[in-house]
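Trainee: Mind looking at a prediction? Sequence and model below.
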Amino acid sequence: MPVIRVEDIRKSYGDVRAVDGVSFEVAEGEFFGILGPNGAGKTTTLEIVEGLREPDSGEVSILGRRPWPRNQELLTRIGVQLQASSFFERLTAREQLRTFASLYGVPASRADEMLETVGLTESAATRTEKLSGGQAQRLSIACSLVHSPDVLFLDEPTGALDPQARRNLWDLLRSNAAQGRTVVLTTHHMEEAEALCQRVAIMDHGRILQTGPPAALVRELDQSVRISIESGTLSAEQARALADGAAVADDGVSLSFTTTAPAALLAALSDRNALAGLQVRGATLEDVFLHLTGREYRS
Amino acid sequence: MNPAPALRSLSVAMFRGFVRDRAALFFSLLFPVLFLVLFGALYNNSGTPQITVIEIGRVGVIDHAMAASHGRLGQVLTITHEASLAGALSNVRQGNADAAIRQQGDRLVVSYSVSDPTTAAVVRQIFASIVDQANVAATGHPPTYQLTDSQVESASLKPIQYITPGLLGWAIASGGAFAAATTLVGWRQNKLLRRLRLAPVRTSSIVTARIAVSVVIGIAQMFVFIGIASLPYFGLRLTAYWWMAIPVVVVGTLAFMSIGLLVGAVAKTQQAATGLANLIILPMAFLGGAFIPLAFAPQWLREVSYVMPLRYLVVGMQDVMARGDGPASVLPAIGILLAITCVLTAIAVRLFRWEEV
């Protein structure tokens, strides 16, 4: 029995079909991602699922209930984190979290524990306006988790963060997902989807193009793998002999093979002890997107 | 879920947000108080206009009248002396003095400028009455008729009695309107409104918290105003039913918050909301009796004031704080302010948007 079931939802603004027939299901405890470039319709889809917007048509159910119209009982069981840091003005991190906690009838002590969990105890007395982007985002996630929801929605949680802060947040989200919660995340960040999600839906122009575990989507592409080693490790003849049909290129820095049978090639390189500076790059979700839409992925 | 804890914590959050906002504190508490001090000082001791008259040479009638009045005439007239007619007239022309007076035999000649018609009329009246009294005295008979004057209001109706409720009304009006407008627009902009929509909190709790905080601030403003205006220097004297001004402050806050809601529903940014609220409140302060006491205002202004919501807030407070009217006298003002609140809130709800579009 899926926790979230979305059936053929549609939403148009004038002539623009923001969401054009989206269906998916999320199982209990699953970390599910909606991936796509900006303007693909991810946020509108999420807003419909959360119950912020009414779809023109289609059905949504979360934990067996409809999110629209506003369902107070359901709201106690879901947590949401929005793109913007939506805080009360001029409150400290601790006051902020305690205020949100009280909206859910959660005691202040639990709010302070949550502050600890997201690593903000030292910034407890700092006003939210003064927090760094990463800290604000962690606080925002703490606010969405303080009442221990069954389902968590995250809308572009690492949107404006630097790489270091982004990785910190991923660690936090992974440890949280381990607590058996169902999580739905939207992102335009391929790497984020690969790092966090057990299953992703790739979305473009208001439609879901494909759904599956990131690794499986990549594998299905059956794309060639690029193997490169230090230039000069092998002579051109040796390289061609080893390649067995694969394309070979040497740019003076790296000697690269592009092959669909990487295992045999790697074994041969290993035999000749020619693995200095080895790099193997497989296909990524970006290649999946390219394959599905015929255009480069631009977030 | 029990809405009480949510209501309390939302109120506390908003109240903290207010007291930690220095600009808001300044404009809603200190700024109106500065106006009160300024206006209070300006109008202090100005119960009657002071008229400066240059006496050219000796004018026996005037000197005699001044001496005979035991200083009462001195409250109105300030006499200076000058020898030359040309110098005195030049001073009057330049506005350094209101009139020049000289005696030519039995004739008293008053020279005044008509640039200020009111003062000119007062000058003529004063000297006409001095001459009349001198004439009566010259007959050797006691005057047949005596004039005793008394004010219909209590004897203490000094300008501060008008200024305090007037400026307080303005302070409460702008406080309420700004609070509602900037909260609504700010929360829509930073998506807190959306976040709260996804929390199991009732809309009524959010609205009630906002109103409660503004009402508390309004009542605090009232006591600060009364405290300062009651200082001996300003000399406010509250009349018996002054506490009936509290319900007027409460409904006045509601009425102006509904104006703020309307502004917040229309404005897209906080700056636009502040500007628009100013555009509504500031002219209303002039036209609704807050800056210009209606008792001293021209007829057209008094008529215009009836369509200004601020009028009912100001006049309602004046009636019970300063004029000594009974508790029931504020009921019409309260009723009108409540009606304004209902109508404007209904319109604001129709125009309300959760999201920036």
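Mentor: Great, that's in hand.
Trainee: got the contact list for the closest residue to residue A:238 other than its chain neighbours?
Mentor: Take residue A:238 and drop its neighbours on the chain: the residue closest to it by CB to CB, 6 or more residues apart in numbering or on different chains is residue A:272, 7.7 Å away. Heads up, the C-betas are built off the backbone N, CA and C, glycines and all. Counting by CB atoms under 8 Å, 6 or more residues apart in numbering or on different chains, residue A:272 touches A:234, A:238, A:242.
Trainee: how about 10 Å then?
Mentor: Residues in contact with residue A:272 (CB atoms under 10 Å, 6 or more residues apart in numbering or on different chains) are A:233-234, A:238, A:242.
Trainee: Return the members of the residues you listed classed as buried.
Mentor: Buried members of the contacts of residue A:272, scored by 16 or more other CB atoms under 10 Å in any protein chain shown, are A:233-234, A:242.
Trainee: Filter these down to the ones in helices?
Mentor: residue A:242 (DSSP state H).
Trainee: which one among the contacts of residue A:272 gets closest to chain B?
Mentor: For the contacts of residue A:272, the closest approach to chain B (CB to the nearest CB) belongs to residue A:233, at 54.8 Å.
Trainee: Let me see the backbone angles for the closest one.
Mentor: phi -70, psi -40 (degrees, to the nearest 10).
Trainee: So it is in contact with residue A:253, correct?
Mentor: No. With contact defined as CB atoms under 10 Å, residue A:233 does not reach residue A:253; the gap is 11.7 Å.
Trainee: residues bridging contact with those two, i.e. touching both?
Mentor: residue A:277.
Trainee: farthest pair in the contacts of residue A:272?
Mentor: Farthest apart among these by CB to CB are A:233 and A:242. That separation is 11.1 Å.
Trainee: Show me the common contact partners of the two, please.
Mentor: A:269, A:272, A:274.
Trainee: quick one: the second one from chain B, how far?
Mentor: Put plainly, it is residue A:272. 59 Å (CB to the nearest CB, to the nearest Å).
Trainee: Disregarding flanking residues, what is the spatial nearest neighbour of residue B:305?
Mentor: Residue B:305's closest residue in space is residue B:311 (CB to CB, 6+ apart), at 4.3 Å.
Trainee: How about residues contacting the helix or strand hosting residue A:269?
Mentor: Following DSSP states H and E, one finds residue A:269 within helix A:262-271. Residues outside helix A:262-271 that contact it (CB under 10 Å, 6+ apart) are A:224-227, A:229, A:233-234, A:239, A:241-244, A:246, A:257, A:259, A:274-276, A:278, A:280, A:282.
Trainee: Buried residues in that helix, which are they?
Mentor: By 16+ other CB under 10 Å, the buried positions in helix A:262-271 come out as A:262, A:265-266, A:269.
Trainee: Likewise for stretch A:211-223?
Mentor: Buried-residue list, stretch A:211-223, by 16+ other CB under 10 Å: A:211, A:214, A:217-218, A:221, A:223.
Trainee: Now it: average pLDDT?
Mentor: Averaged over stretch A:211-223, pLDDT sits at 86.
Trainee: Flag every residue of the stretch 151-300 of chain B that's near chain A.
Mentor: B:182-183, B:186-187, B:189-203, B:205-206 (CB under 10 Å from any CB of the partner chain).
Trainee: let's see it at 6 Å
Mentor: Contacts of the stretch 151-300 of chain B with chain A, taken as CB under 6 Å from any CB of the partner chain, map to B:190-192, B:195, B:198-201.
Trainee: I'd like these written out as CSV, with secondary structure and pLDDT added.
Mentor: Putting these into CSV (DSSP: H, G, I helix; E, B strand; the rest coil; pLDDT from 0 to 100) gives the following:
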residue, secondary structure, pLDDT
B:190, coil, 89
B:191, coil, 90
B:192, helix, 93
B:195, helix, 93
B:198, coil, 93
B:199, coil, 94
B:200, coil, 93
B:201, coil, 90
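Trainee: Need the max-distance pair from the residues you listed.
Mentor: Across those (CB to CB), the longest gap, 20.5 Å, separates B:190 and B:200.
Trainee: Show me which of the two is the more surrounded one.
Mentor: residue B:200 (21 against 17; other CB atoms under 10 Å in any protein chain shown).
Trainee: I'd guessed that one sits against residue A:77; true?
Mentor: No. The pair residue B:200 / residue A:77 is not scored as a contact, 9.2 Å apart, by CB atoms under 6 Å.
Trainee: all helices of chain A, in order?
Mentor: Under DSSP H, chain A gives helices at A:42-50, A:72-75, A:93-103, A:108-117, A:133-145, A:163-177, A:190-196, A:214-220, A:236-243, A:262-271, A:285-293.
Trainee: That should have said the stretch 201-350 of chain B, apologies.
Mentor: In the stretch 201-350 of chain B, the segments counted as helices under DSSP state H, counting those that start in this stretch are B:203-229, B:245-266, B:270-287, B:299-305, B:309-321, B:331-351.
Trainee: Return the most buried member of the ones you listed.
Mentor: helix B:309-321 (a mean of 27; mean count of other CB atoms under 10 Å in any protein chain shown).
Trainee: and it, what other elements does it pack with?
Mentor: helix B:159-189, helix B:245-266, helix B:331-351 (3 or more CB pairs under 6 Å, 6 or more residues apart in numbering or on different chains; DSSP states H and E).
Trainee: Touching it from outside, list them.
Mentor: B:165-166, B:169, B:173, B:238, B:241-242, B:244-245, B:248, B:252, B:255, B:284, B:288-290, B:305, B:325, B:329-330, B:333, B:336-337, B:340 (CB atoms under 6 Å, 6 or more residues apart in numbering or on different chains).
Trainee: quick one: buried residues of the lowest-mean-pLDDT helix or strand in chain B?
Mentor: For chain B, counting by mean pLDDT, DSSP states H and E, helix B:60-68 ranks last in confidence among helices and strands (a mean of 80). Judged by neighbour count using 16+ other CB under 10 Å, the buried positions of helix B:60-68 are B:61-62, B:65-66.
Trainee: what two of the residues you listed are the furthest from one another?
Mentor: Among these, B:61 and B:66 lie farthest apart (CB to CB), at 9.8 Å.
Trainee: which residues touch residue B:113?
Mentor: Residue B:113 sits in contact with residue B:92, where contact means CB under 6 Å, 6+ apart.
Trainee: Let's see the pLDDT reported for it.
Mentor: 82.
Trainee: try residue A:177
Mentor: Looking at residue A:177, the pLDDT reads 65.
Trainee: cool, residue B:355 as well?
Mentor: Reported pLDDT for residue B:355: 79.
Trainee: What is the burial count for it?
Mentor: Counted with other CB under 10 Å, residue B:355 comes out at 12.
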